[in-house]
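**Student:** Just to be clear, the model below is a prediction. Sequence and coordinates:
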Amino acid sequence: MKKSHSSTGKVSLKAESRNIFGKKLNKVRKQGLIPANIFGPDFKSKSITVVYKELVKVYKVVGETGIIYISLDKENIPVLIKTIQRHPLTSNLLHIDFRKVDLSKKIEANVPVKAIGVSEAVTQKAGILLFQSETLLVEALPADIPSVIEIDVSVIKEIGQEVKVSDLKKSGKYEVKTPAEKVIVAVVAHKEESVVPETAVAAPEIITEAVKPGEEAPAEGGEKSEKKEKVAEAPAKKEAHADSKK
């Protein structure tokens with residue numbers, strides 16, 4: 001199972017159908033395979049396995065928002081990564097849900113933001129660069145979803161200035177759906193360090209059309225908890241009190 005790239009730059013990942021579920025998947029993982037599902041509107045859910053190493057390579061190329069063509073039984077199924085389940089202690093991949101997409105229909109996706117440039121308010125005035133939002137919601141055709149949205153912080157010259165969604169240049173390929181007044185990044189003074197930014201989204205989730213009647217849901221919703229391990233909490237030490245009475 002090798003990842004291949006066509007002349008058009010498509011990223012492909014070979015997969016095989018599987019009929020193994022539940023606890024038996026531990027043996028599959030020990031063979032260097034990752035169990036996965038493919039599902040989507042008007043699409044019958046498929047249970048598959050992909051090679052762990054090849055999946056990691058593909059993920060480095062496409063990230064959370066790039067299209068992967070799953071090669072399965074002579075089909076090339078365009079998908080996006082929907083969810084990634086990891087081991088709570090080792091962070092190893094346990095399971096992947098792929099969402100089949102219609103390349104002709106627009107979808108929404110949360111895209112990570114990245115700061116570029118240098119702010120004078122930081123380098124010359126000891127300000128602190130503070131991200132208020134780690135992702136932005138965009139709408140686009142699946143092939144036009146950006147892997148990252150760059151935020152030029154060099155426009156921030158003074159402490160207290162900020163970059164909002166409304167300050168971003170419009171793109172002809174995608175539309176930012178996050179409210180225009182939303183602050184993305186700002187430079188604050190040291191005394192304002194208590195300002196807490198929004199929690200970063202660890203795995204931006206692809207948002208598609210609402211699930212239609214008859215649509216297949218992921219086959220293994222409970223698989224996420226399968227490999228979880230409980231960490232026993234050490235009991236608190238109790239101090240012994242000597243009896244002063246004789």
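**Tutor:** Arrived safely, thanks for sending.
**Student:** tell me what the helix or strand where Tyr69 lies is packed against?
**Tutor:** Using DSSP states H and E, Tyr69 falls within strand 68-72. If you count contacts as 3 or more Cβ pairs under 8 Å, 6 or more residues apart in numbering; DSSP states H and E, strand 68-72 packs onto strand 11-14, strand 43-51, strand 75-86. To be clear about C-beta, it is placed using only N, CA and C from the backbone, and glycine gets the same treatment.
**Student:** Confirm that Arg99 lies within a helix, as I assumed.
**Tutor:** No - counting by DSSP: H, G, I helix; E, B strand; the rest coil, Arg99 is not part of a helix but strand.
**Student:** For it, which non-adjacent residue is spatially closest?
**Tutor:** Lys82 (4.1 Å; Cβ to Cβ, 6 or more residues apart in numbering).
**Student:** Run a quick neighbour tally on the one you found.
**Tutor:** 22 (other Cβ atoms under 10 Å).
**Student:** Lys24 now?
**Tutor:** Neighbour tally, Lys24, other Cβ under 10 Å: 10.
**Student:** Using the three-state scheme, assign it.
**Tutor:** Applying three-state DSSP: Lys24 is helix.
**Student:** For this protein, just list every one of the helices.
**Tutor:** With DSSP state H as the criterion, the chain has helices at 25-30, 52-62, 120-123.
**Student:** Columns mean neighbour count on top of those, output as TSV?
**Tutor:** Formatted as TSV, the helices of the chain follow (neighbours: other Cβ atoms under 10 Å):
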stretch	mean neighbour count
helix 25-30	14
helix 52-62	15
helix 120-123	16
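**Student:** show me what contacts Ile38?
**Tutor:** The contact partners of Ile38, taken as Cβ atoms under 8 Å, 6 or more residues apart in numbering, are 45-46, 48, 70, 72, 77, 79, 98-100.
**Student:** Which pair of those residues spans the longest distance?
**Tutor:** Leu72 and Arg99 (14.9 Å; Cβ to Cβ).
**Student:** Please identify which of these two sits among more neighbours.
**Tutor:** Neighbours per residue (other Cβ under 10 Å) separate Leu72 from Arg99, with Arg99 holding more: 23 against 17.
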